[in-house]
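Trainee: Below is the sequence, then the predicted model.
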Amino acid sequence: MKVLIVDDEKPARDRLRQLLDDLDEYTVVGEAGNGEEAVRLAAETNPDIVLLDIRMPGLDGIEAAHYLNEFDSPPAIVFATAYDEYAIDAFDARAIGYVLKPVRRERLARALEQAARLAAGTLADVAADSRLTSRRKHVCSRSQGEIKLIPLDEVNYFQADQKYVRVHHAGGQDLIDDSLKSLEREFADDFVRIHRGAVVAANKIERLAKSEDGKHHVVLRGGSQEPQNQLIISRRHLAEVRRRIKGG
Amino acid sequence: MAETPSSSTIGESESQAYLPDFCATSTVFVIVLVAALVAIVLTLAGTAGSGRFLFELSKTALFVLWLALLGCGLMCLLRGKLEAAGKTRAFVLGFLILLAMCLLLAEVAYQLTRIFAESVIIHDSHSGFLLRTLLISAIVIALAMRYLYVSSEWRRSIVLEAQARISALQALIRPHFLFNSMNTIASLTRTDPRQAEEAVEDLSDLLRANLNTARDRTSLKQELETAAIYQRIEKLRLGDRLQVRWDISGLPMRALIPSLTIQPLLENAIYHGIELLPDGGEVVVTGKQDGNDLVVSMSNPVASDSERSKQGNRMAMSNIRQRFELAYGSRATVAVSDDEDRYTVSLRFPHEESET
């Protein structure tokens, strides 16, 4: 079994490696010091299990797990934490594997044996319960094996594109696997749906404009040259969009 | 995490209960007792002729008990509303309501005795009786209110002090820190036994410093040493990500400071600042003398996207504020400046040295 170790603290990584060396059936295929590196290394080394610290700078463990879970054959995940009472309750409630630091060899062995892939949707629940991350700070796009993390605050809008969602962001456009509906729900605080096929970042909306045929559309900040017909606001969503712009 | 909001909510509910529970049997008993004593005092002061003492006493006691029990019942009903009105208003309102009740009951008593007993019980004139009742009850109620006010203040200060002690304890042994340190030591025992040994010694010193919180204040030298030990332990874990610059040569090392204040500040700076930055950063500690005051500031870089770190910081700060308030009252200030990329806490407190 191939294991990837992820922790931002070197002694903690050393400790896990020492314990894994004692256990015959596991080989360490890599060590990552943060969430971004973890996702990249996991794509390269294709581990069976990822040992993932929860509290890390940048991309934390829960968010990293979210992207690992989007792999075509996602690795099983075992979380490691020193003390996060809410997260631990959340893991227990959903039978997600975890180890507590200082890590015991027997406990680690058991957690690795029982390690299972996370069911879809579980992590969003964990994130909500654990009070660690209320939501993701990135969306993740993959093309030809390349992992690309797009910071949420650079996203202008999400647009439905056949079976994918196209992310329009400061750095261009990318396709992601999430559904528009789940994105809308997950990022409800900062994004607003303007019609059936588009969800827009509320703070990127400069104003609403009315075109000659009487339809309303969104004008984005920063003079980005988006074709108007993409950002038309449907009658059904107009009131809500207006409210959000006033409110924010 | 360690900074659960529970401590603050406990504080609020405790400080709200400044009126005793008038519905409780024990309170009613005390009130009956006090009413009986008041009746005896009034009768003793009032009787001129001998032989009529018991008769006068029973009359007065009946009236006073009646007032006291009805007043108690009234306060039992109104307590919730009064507490919600705020402390001073609760006492003033309570006083006025009780006084109005006494006046009303005096009038009722007067009318009743006139109808049924043809004035043999109350000898005063109508207005004289009302005035006398009003004055006596005003004085007694005012005394009682004053007593309740003082005792609630006293209880509040005890709660505050206990909270300060608890937060002092919580300030140091943050479970996150303890378990992470243990994990580091477990790791070092194999890779670098000598360093593991030092880490165990440092951790012990730190825990010992915490056990000494019986002393409210300690010397700056001691407090800074504790913080330095803490820094050494965290450095093992965080490596180069943690840099600390101490710019404190201007501080008189013998000066006193509430114990366990600088170390928790450093802990906050690391927990809510450095740990959330992929490349870490520098914590800057500065200290100087400013007239009769000492100023110690600690600033740390913060991750730009990190709302949770700010919230955590605020919670931890209320602990330290509380302890400075208890030690110095209004003579000390704890100021926080929350910039885009740095979080700074400044402690300003009077320069005092121990007499010995």
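Mentor: Right, received. Where do you want to start? Numbers count the residues shown, from 1 in each chain, chains lettered A, B, ... in the order given.
Trainee: quick one: low-confidence ranges for the chain?
Mentor: Let's take chain A. For chain A, the stretches flagged by pLDDT under 70 are A:120-121, A:124, A:128, A:130-135, A:144-145, A:223-230, A:247-248.
Trainee: my bad, chain B
Mentor: B:1-17, B:47-50, B:117-122, B:165-173, B:213-215, B:305-316, B:356.
Trainee: Spatially central residue (nearest the centroid) of it, please.
Mentor: B:L160 (2.4 Å; C-alpha atoms, centre = their mean).
Trainee: The closest residue to that residue other than its chain neighbours: what secondary structure?
Mentor: Counting by C-beta to C-beta, 6 or more residues apart in numbering or on different chains, B:L160 lies nearest to B:L326, which is 6.3 Å off, once chain neighbours are set aside. From N, CA and C alone the C-beta is placed, and that goes for glycine too. Assigned by DSSP: H, G, I helix; E, B strand; the rest coil, the conformation of B:L326 is helix.
Trainee: ok so the residue nearest to the centre of chain B is a strand residue?
Mentor: No. Under the criterion used here (three-state DSSP), B:L160 is helix, not part of a strand.
Trainee: From what I see, it and B:G329 are in contact.
Mentor: No. If you go by C-beta atoms under 8 Å, B:L160 and B:G329 don't touch, sitting 11.7 Å apart.
Trainee: and chain A, which residues reach chain B?
Mentor: A:8-12, A:14-15, A:18, A:34, A:55, A:57-58, A:82-85, A:100-103, A:132, A:137, A:153 (C-beta under 8 Å from any C-beta of the partner chain).
Trainee: Could you tell me which of the residues you listed belong to helices?
Mentor: A:10-12, A:14-15, A:18, A:85 (DSSP state H).
Trainee: Of those residues, which is the nearest to A:P75?
Mentor: Lowest distance from A:P75 to those (C-beta to C-beta) belongs to A:A12, with 19.3 Å.
Trainee: Just give the nearest non-adjacent residue to that closest one, would you?
Mentor: B:N183 (5.8 Å).
Trainee: Pretty sure that neighbour sits against A:K10.
Mentor: No. Using C-beta under 8 Å, B:N183 makes no contact with A:K10, being 11.6 Å away.
Trainee: in chain A, which spans are strands?
Mentor: For chain A, the strands defined by DSSP state E cover A:2-6, A:27-32, A:49-53, A:76-81, A:98-100, A:138-143, A:146-151, A:155-161, A:164-169, A:172-176, A:191-195, A:198-201, A:205-210, A:216-220.
Trainee: Pick the most deeply packed of these.
Mentor: Among the strands of chain A, ranked by average contacts under mean count of other C-beta atoms under 10 Å in any protein chain shown, first place goes to strand A:49-53 (a mean of 28).
Trainee: Taking the ones in helices among the residues of chain A next to chain B, please make a PyMOL selection of just the buried ones.
Mentor: Selection of buried members from these for PyMOL, criterion 16 or more other C-beta atoms under 10 Å in any protein chain shown:
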select buried, chain A and resi 10+11+12+14+15+18
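Trainee: Most widely separated two among the ones in helices among the residues of chain A next to chain B?
Mentor: Of all pairs drawn from these, the widest gap by C-beta to C-beta lies between A:Q18 and A:E85 and measures 27.0 Å.
Trainee: Roughly how far does the residue nearest to A:A209 when sequence neighbours are not counted sit from chain B?
Mentor: Once flanking residues are discounted, A:A209 sits nearest to A:V219: 5.2 Å by C-beta to C-beta, 6+ apart. Computed as C-beta to the nearest C-beta, to the nearest Å, the A:V219 to chain B distance reads 26 Å.
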